[in-house]
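Asker: below are the sequence and a predicted model; questions follow.
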Amino acid sequence: MHERTRIKICGLTREADVQAAVDAGADAVGFVLWDGSPRAVSVERAATLARLLPPFVTPVCLLVNAAPELIAQAVHAIPHALLQFHGDETPADCAAAARPYLRAVRMRAGLPLLDFAL
């Protein structure tokens, strides 16, 4: 069996950076839709940048405790995006969008990591 490491470059905000990530062979490019990040972009900006991606490079929408309305807006604007939840979302919260998703875990001492292995 051939194993391959997949690479996601996250937090991109400029066209030139998206192109550089694609040129470097990134498998996925992430757009931060959380206002608390210095790399945050609007859904509209993320959609504009996602349109630059060639086939087989996946756009990823990073969300932190996002309102369902923001998630719906992102899914509508970037229909082929993978969602990445990076807040306190429950498995039910993540599944509610009925889309493929990643669930990020903020590592810290005493974290019950096995609770995330669903």
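Answerer: That came through, no problem. Here the structure is a predicted model, which means the values were calculated and not measured.

Asker: this structure: helices as residue ranges?
Answerer: Assigned by DSSP state H, the helices in the chain fall at 15-23, 43-50, 68-77, 91-95.

Asker: which one, of those, ends up nearest to Leu113?
Answerer: Nearest of these to Leu113, taken as Cβ to Cβ: helix 91-95 at 14.7 Å. C-beta coordinates here come from the backbone N, C-alpha and C atoms, glycine included.

Asker: identify all contacting residues around the closest one.
Answerer: 83, 85, 101, 103, 118 (Cβ atoms under 8 Å, 6 or more residues apart in numbering).

Asker: starting at the chain centroid, how far to it?
Answerer: 15 Å (Cα atoms, centre = their mean, to the nearest Å).

Asker: repeat that for stretch 25-33.
Answerer: With Cα atoms, centre = their mean, you get 7 Å for stretch 25-33.

Asker: also stretch 19-36?
Answerer: In terms of Cα atoms, centre = their mean, the gap separating the centre of stretch 19-36 from the centre of its chain is 9 Å.

Asker: would you mark the buried spots in that stretch?
Answerer: Using 16 or more other Cβ atoms under 10 Å as the test for burial, stretch 19-36 gives 21, 26, 28-34.
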